[in-house]
Structure formats: C-alpha cells, structure tokens
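[1] need coordinates for the following:
(2 chains)
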2 protein chains.
Amino acid sequence: MRERFEQQMEILHTELIELGALCEQAIGRTYEVLLEGNQRAAEEIIKKDQVVDAKEREIEDLCFRIILQQQPVARDLRQVSAALKMITDMERIGDQAADIADIVKVTSLGVPDASIRLKDMAKATASMVTKCIDAYVKQDLKLAREVIDFDDIVDDLFDEVKDEILQGMRKGITTDVQSLDYLMIAKYYERIGDHATNIAEWVVYSINGHHKGE
Amino acid sequence: MRERFEQQMEILHTELIELGALCEQAIGRTYEVLLEGNQRAAEEIIKKDQVVDAKEREIEDLCFRIILQQQPVARDLRQVSAALKMITDMERIGDQAADIADIVKVTSLGVPDASIRLKDMAKATASMVTKCIDAYVKQDLKLAREVIDFDDIVDDLFDEVKDEILQGMRKGITTDVQSLDYLMIAKYYERIGDHATNIAEWVVYSINGHHKGE
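    As a prediction, the model looks like this:
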C-alpha cells in the first residue's frame, strides 16, 4: 500500500514538473511575443493554454484517485491536497499568459521604455514558478519561502511599470490606448507572481501544515 | 453511511451559501466605497476578506473529511470535488473585492462618467455569484448555464468602461492617474465575473461530469 502510494506520488511529481514547465515556457514566450509583436506566436500561446488545461484535469484526476485508493492522512493527505490547490494556480498562470497574448494579438504595441521593466516582470515570475514547483517536489521550506518573499519585488516592479507608463503617456511616447494595454499586461504579470506565491504557500502547508490564512 | 453523507452535504451547502453571501456583500460594498470614497469602509472590506479566507479553509476541511469518511464515487464525488474548486474561486472573489478597496483607500476617485458602468459591473457580478451558488445547491443546470452566458455581458461592460475611461481622460474629466486606477477596478470586476463563470462551470461538472476544458 505504502509502496503504491509512493509510486503514485512519483507520477504526481513528474506531472507537476511538466505542468510547471509548460507555465514557465508560456510566460517566457509572452515576452518574446510582446517584443516582436508576432501575432502567429500569440495565437500559439493561446492554443497551448488548452494543453495546460488538459494537464490540470489529468493531475486532478490522479489526485482524487490517490485520495480514494490510498486514503492518505496527515502529511500525505496535505501533499495531495496541496497539489490539488497548486494546479488551480498553475492553470490560472496559463490563462494569464493567454490573456497577455490576446492583447498583443489585437494591438501593435511597439517597444516603449516600460518594456524593460515588463521583461524583468516576465523573467521574475517565470523563475518564481520554476522555484515553487521545485520546492514542492523537494519539500524544501526555505525555497518556498524565498518565492513568497520575492512577490514583493514583483509588486514593486508593477508600481515602477505603472509610473513608466504614466511618464510614457505624458511624453507622448505611447498613446493612451497603448498605455492602458501595457498596464493590463503588467497587471497580468503581477497576477502570475501572486499565483506563484499561492503555490509556494501551498508548499509550506504541505510540509508543516501551516497556511498563511490561519 | 448514506444518511451521514447526506447530512454532511447539507452542512456543506449551508456553508457554501454563507461564503457566497459574504462574497456578494463584499462586491456590493466595493461599489458603495467607490462612490463615497469612504476609507474606513474600504478598510472594513479588506478586513472582512480574512473571514472569507477562514471560511474557505473550513469548507475545504469539511470536503476532505467527506471524501475520507464517505469515499464518495461518481456524482457524489463530483459534487464534493466541485465544491473544493468553487471555494478557490470564491476566495479569489473576496481578494478582488479587497483589491478594489485597496485602490480606493489610497486614491480619491470622485464620481466620473465611467462609474455608471462600474455600478452595472458590480451589480452584474454580484448577481452572478448568488446565482451560481444557487445553481449548485439546487443542482440546476439551466441556471448555471445562464451565469456562463452572462459573462459575455460583463466582458462587454468592461470594454465599454475602458472606452469611457479613454474619453474621460481625453476630455480632462479624469486625470491619467485616476484613469489607470479606474481601469484596474473595472478589470477586478471583470475578473470577478470570470470567477463566477468558473464556479458555474464546476456546477455543470458536478451535475453531468462534463467540464468546459474537456
């Protein structure tokens, strides 16, 4: 029974790493698309989101199978229920990447000053996603807490981008329409950071049973 | 065993209705706060979000207890797992209401033209939340689908608000800083609509086993 549980958890970990990699790629590609204004690539990100959705459902089924077959308790149950929560956040990260691609698809944004900070946001959030999955698989509390702390940096980046958008608009570098679109994109990256933080908080819960909300 | 399952499901339904009511109130209050610029009321919405978070954790514990004790299968399991998913969306709705209150807390927004549409968005999304919880408890497929269809109306409202914000900015009715804040608020309402739609999709899944993603 225990051996079977551990086998199933191995599969769960592999699947989670794959879903994490899909999210990370999606975030990375949004920034390329943003720079190049490549509408076909934007379409591909939107299509790829369905793969993320399908993988989420697959992992969800696996989690319920483990719960029903193994009836895990204590830390084992926490690990499975944390996985169930984490995949919801991962699926949302895929959605946000598709939302960014959606904006790029209908507008041509060019490359204003704000894009440097947006690149930082894209990089920061992609790395948060990788780290929090890593923290889950290795059950590494320190790494999970690093991700949680990092969210403040992403929030600060958002405020900086917002300032840059205002300056760009005032100087006539970006139009008002472009400015609103940029702000939306920055907000999507900020949300991705929030989801990565949620995931990291579920990792903490899976390890020691404590969750931020308590 | 069956009787106990049904008792536990009764409790789950009552708890979900309570959580739904908290979300609905939070959305309704954001709009009052927005109109009056009442910073103390904004603080209260932010504080109340902790009640939503605590209730989510409580319902989650109940769902896991039901799964472990009753080992439900088929539609019974779908109902419990749908509840688990729905509460994540409800908790996020509470977060978005707090995010709106957060913006009102730091800026004084006044009452521009866009606020009429924002009021429509607040009303529409609050009603979507009530309806989708109702659909879950009554297992009413038709009502759930009504909520899903209604999301297009909220998306259209968002586009209208965005246009009004642009016009307001061009006419000098709202400053650029105010305009970006308004856009964020409209986006939060749009997200609340998305979460209500997610909940409705989980209701459909709990009834017939089909989910949008499949």
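[2] check the gap between A:Ala41 and chain B for me.
    23 Å (Cβ to the nearest Cβ, to the nearest Å). The C-beta positions use only the backbone N, C-alpha and C, and glycine is treated the same way.
[3] give me the number of residues near that residue?
    Counted with other Cβ atoms under 10 Å in any protein chain shown, residues neighbouring A:Ala41 total 18.
[4] give me the distance from the helix or strand hosting A:Glu146 to the chain's centre.
    Taking DSSP states H and E as the definition, A:Glu146 sits inside helix A:141-170. Remark: helix A:141-170 is offset 14 Å from the chain centroid, using Cα atoms, centre = their mean, to the nearest Å.
[5] so which bits of that helix are buried?
    Residues of helix A:141-170 classed as buried: A:143-144, A:147-148, A:150-151, A:154, A:157-158, A:160-162, A:164-166, A:168-169 (neighbour count, 16 or more other Cβ atoms under 10 Å in any protein chain shown).
[6] for stretch A:44-57, same thing?
    A:Ile45, A:Ile46, A:Lys48, A:Asp49, A:Val52, A:Asp53, A:Lys55, A:Glu56.
[7] chain B: which of those residues is nearest?
    Chain B lies nearest to A:Asp53 out of these, by Cβ to the nearest Cβ, at 4.2 Å.
[8] what is the rounded mean pLDDT of the one helix or strand that closest one maps to?
    Following DSSP H and E, the helix or strand that holds A:Asp53 is helix A:39-70. For helix A:39-70, mean pLDDT rounds to 91.
[9] stretch A:17-30 too?
    pLDDT averaged over stretch A:17-30 gives 92.
[10] out of the buried residues of stretch A:44-57, who's near chain B?
    A:Asp53, A:Glu56 (Cβ under 8 Å from any Cβ of the partner chain).
[11] over to A:Pro72: give its phi and psi.
    When read as degrees, to the nearest 10, the backbone of A:Pro72 gives phi -70, psi 150.
[12] so it sits right up against A:Glu6, yeah?
    No - judged on Cβ atoms under 8 Å, A:Pro72 makes no contact with A:Glu6 at a distance of 11.0 Å.
[13] with adjacent residues omitted, what lies nearest to A:Leu77?
    Distance criterion Cβ to Cβ, 6 or more residues apart in numbering or on different chains; nearest residue to A:Leu77, sequence neighbours excluded, is B:Phe64 at 6.8 Å.
[14] which phi and psi does the residue nearest the centre of chain A have?
    Computing the C-alpha centroid of chain A and ranking residues by Cα atoms, centre = their mean puts A:Ile93 first, at 3.9 Å. Per-residue torsions, A:Ile93: phi -60, psi -40 (degrees, to the nearest 10).
[15] which bits of chain A sit near chain B?
    Residues of chain A lying close to chain B (Cβ under 8 Å from any Cβ) are A:50, A:53-54, A:56-57, A:60, A:64, A:67-68, A:71, A:73, A:77, A:81, A:84-85, A:88, A:162, A:165-166, A:169-170, A:176-177, A:179-180, A:183-184, A:187, A:211, A:213-214.
[16] can you tell me the element the closest residue to A:Gly168 other than its chain neighbours falls in?
    Nearest residue to A:Gly168, sequence neighbours excluded (Cβ to Cβ, 6+ apart): A:Thr174, at 4.3 Å. Assessed by DSSP H and E, A:Thr174 sits outside every helix and strand.
[17] how many residues are close by A:Thr174?
    23.
[18] now that it has come up, it's in contact with A:Leu166, right?
    No - contact between A:Thr174 and A:Leu166 fails when scored by Cβ under 8 Å: they sit 10.0 Å apart.
[19] so how far is chain B from the residue nearest to A:Met1 when sequence neighbours are not counted?
    Once flanking residues are discounted, A:Met1 sits nearest to A:Gln70: 6.9 Å by Cβ to Cβ, 6+ apart. A:Gln70 is 11 Å from chain B, where distance means Cβ to the nearest Cβ.
[20] A:Gln70: how many residues sit nearby?
    By other Cβ under 10 Å, 18 other residues sit near A:Gln70.
[21] same deal with the one 4 residues further on?
    Per other Cβ under 10 Å, the neighbour tally for A:Ala74 reads 8.
[22] how close does it get to A:Ser81?
    Separation of A:Ala74 from A:Ser81 (Cβ to Cβ, to the nearest Å) stands at 11 Å.
[23] what is in contact with those two at once?
    Common neighbours of A:Ala74 and A:Ser81 are not found (criterion: Cβ atoms under 8 Å, 6 or more residues apart in numbering or on different chains).
[24] give the buried residues for the one helix or strand A:Ala97 maps to.
    Assigned by DSSP H and E, A:Ala97 belongs to helix A:74-106. Neighbour counts using 16+ other Cβ under 10 Å place A:76-105 of helix A:74-106 among the buried residues.
[25] elements contacting that helix?
    Under the contact criterion of 3 or more Cβ pairs under 8 Å, 6 or more residues apart in numbering or on different chains; DSSP states H and E, helix A:74-106 touches helix A:2-36, helix A:39-70, helix A:114-138, helix A:176-208, helix B:39-70, helix B:74-106.
[26] contacting residues around the residue lying closest to A:Glu44 once chain neighbours are set aside?
    Nearest-residue entry for A:Glu44: A:Arg29, 7.7 Å, with adjacent residues in sequence omitted and distances by Cβ to Cβ, 6+ apart. Applying Cβ under 8 Å, 6+ apart, one finds that A:Arg29 lies in contact with A:Ala41, A:Glu44, A:Ile45, A:Ala97.
[27] and A:Cys63, by the same measure?
    When contacts are counted by Cβ under 8 Å, 6+ apart, A:Cys63 touches A:Leu12, A:Val80, A:Ser81, A:Ala83, A:Leu84, A:Ile87.
[28] least confident pick among these?
    pLDDT across the contacts of A:Cys63 is lowest for A:Ser81, at 88.
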